[in-house]
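>>> Give the three-dimensional model of this entry:
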Amino acid sequence: MVNSCLHLSGFLLSSLGWLGIVIATATNDWVNMCKYGLNTCKKMDELGAKGPWAECVISTGLYHCTYLTQILDLPAYIQTTRALMITGSILGLPAVGILLMSMPCINLGNETQSSRNKRTILGGVFILVVALCGMVSTVWFPFGAHQEHGLMSFGFSLYTGWVGTLFSLLGGSILTCCSSESSSSHSYQDNNRFYYSKQGGSNVPATSSTNHAKSAHV
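Below is the predicted model of the structure:
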């Protein structure tokens, strides 16, 4: 029961974390660039938002974006963020599918508990890779943007990426650690069961031979 609850908690955290990574990847409100206060920049139409895919100008009634299409001319932090976030978003899909198929309420034929645990560990490792991609991207991007543009503030997409990274890290850790402990405990129980059955099997012939000797003596 405890392992089922931990498995469900890890699955939910991993799914929410992957969803946060996907939202952060698809949006461009990562950092807000402004030389003055945010309200002043909005009135002067000088508040800028930047993400991996576009640079936007935010004013009181306008949201205009210029997409970053010159791939070879982009800074290294933008290209790296694009590659890592896309990798994390794509890798999260099979990870969630693997974790869904390894849920305790889903049975795939006559599979053993050890194979289910191995599949859970594999999905947990994939989620940890997703968390690693999100962690590097959401730390490197604001640092690189600050060096390039100066004063700035964090945007909604960056906070979403941080939350998604944290959830993915927690979910992947729970699934990997708990499944490995469960697998080792099942292996220990199987070894003990084999030992006792072997011991019991060796006692049966001894008992039968003793009874046979007594009957022959009579």
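>>> my read: residue 135 touches residue 167, true?
No. Because the distance of 11.9 Å does not satisfy Cβ atoms under 8 Å, residue 135 is recorded as not touching residue 167. For glycine as for every other residue, the C-beta is placed from the backbone atoms N, C-alpha and C.
>>> In terms of packing, which of the two has more residues around it?
Between residue 135 and residue 167, counted using other Cβ atoms under 10 Å, the more crowded position is residue 167 (23 against 18).
>>> which non-adjacent residue is nearest the more buried one?
residue 17 (3.2 Å; Cβ to Cβ, 6 or more residues apart in numbering).
>>> Now do the contacts for the one you found.
Under the criterion of Cβ atoms under 8 Å, 6 or more residues apart in numbering, the neighbours of residue 17 are 127, 130-131, 134, 163-171.
>>> Can you tell me how far the residue nearest the centre of the chain is from residue 51?
Most central residue of the chain, judged by C-alpha distance to the mean C-alpha position with Cα atoms, centre = their mean, is residue 127 at 2.5 Å. Plainly put, residue 127 is 24 Å away from residue 51 if you go by Cβ to Cβ, to the nearest Å.
>>> Show residues contacting stretch 87-97.
Contacts of stretch 87-97 from elsewhere in the structure, counted by Cβ under 8 Å, 6+ apart, are 11, 14-15, 18, 21-22, 25, 123, 126-127, 129-131, 133-134, 137, 168.
>>> was I right about residue 149 contacting residue 50?
Yes. Applying Cβ under 8 Å as the test, residue 149 and residue 50 come out as touching, 7.4 Å apart.
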